[in-house]
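Novice: Structure for the following, please:
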Amino acid sequence: MADTSDTRTPAQIEADIRRRREVLAETLDEIGVRVHPKTIMGDAKAKVVANVDHTLGRAYVGVNRAVSDVKARFVDEEGAPRMERIVPVALVVVGVVGLLALGTRRRKS
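Specialist: Modelled structure (predicted):
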């Protein structure tokens, strides 16, 4: 059952109703902003950007690690090139490029 022993004055009741209307109006305004298409699109865009940034950051770290690993194989701790590793790789690259050039030349003939 409802409490009928309300000792508030009519002015207090009216003030309470005004406060509740203001709170309700603020809540409705906030809901309106949240469901506005621009807000929804902005939130979705922010999530996509955050995911892309995260993915690119992880990719950058992976690539940087791979480059560092390759560099460590061809350069010693002092920064001098390791010729015993560079020369064989260079010869293989020259051989592959030469074979590709011969294959292209044969197809054109």
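
Novice: got a pLDDT number for D3?
Specialist: D3 carries a pLDDT value of 57.

Novice: And the one 10 residues further on, by the same measure?
Specialist: In the prediction, the pLDDT value recorded for I13 is 94.

Novice: From R20, how far out is it?
Specialist: 11 Å (C-beta to C-beta, to the nearest Å). For glycine as for every other residue, the C-beta is placed from the backbone atoms N, C-alpha and C.

Novice: Please apply the same query to L99.
Specialist: 83 Å.

Novice: Report the contact partners of P81.
Specialist: P81 is in contact with 74-75, counting by C-beta atoms under 8 Å, 6 or more residues apart in numbering.

Novice: what do you get if the cut-off is 6 Å, keeping everything else the same?
Specialist: Contacts for P81 (C-beta atoms under 6 Å, 6 or more residues apart in numbering) come out as V75.

Novice: Look up the residues forming beta bridges with it.
Specialist: With DSSP bridges as the criterion, the beta-bridge partners of P81 are V75.

Novice: where's it relative to A44, distance?
Specialist: 50 Å.

Novice: D76 too?
Specialist: D76 is 50 Å from A44, by C-beta to C-beta.

Novice: swap in D16?
Specialist: D16 is 40 Å from A44, by C-beta to C-beta.

Novice: what's the answer for G103, then?
Specialist: Taken as C-beta to C-beta, the span from G103 to A44 is 49 Å.

Novice: likewise R19?
Specialist: 35 Å.

Novice: Show me the domain layout of the chain.
Specialist: 10-74, 80-109 (automatic domain parsing).

Novice: looking at those domains, which has the lowest confidence?
Specialist: domain 80-109 (a mean of 88).

Novice: Tally up the residues packed near A11, please.
Specialist: 8 (other C-beta atoms under 10 Å).

Novice: tell me which element it is part of?
Specialist: helix 10-35 (DSSP states H and E).

Novice: Run through the neighbouring helices and strands of that helix.
Specialist: With contacts defined as 3 or more C-beta pairs under 6 Å, 6 or more residues apart in numbering; DSSP states H and E, helix 10-35 has no helix or strand neighbours.

Novice: All set, thanks.
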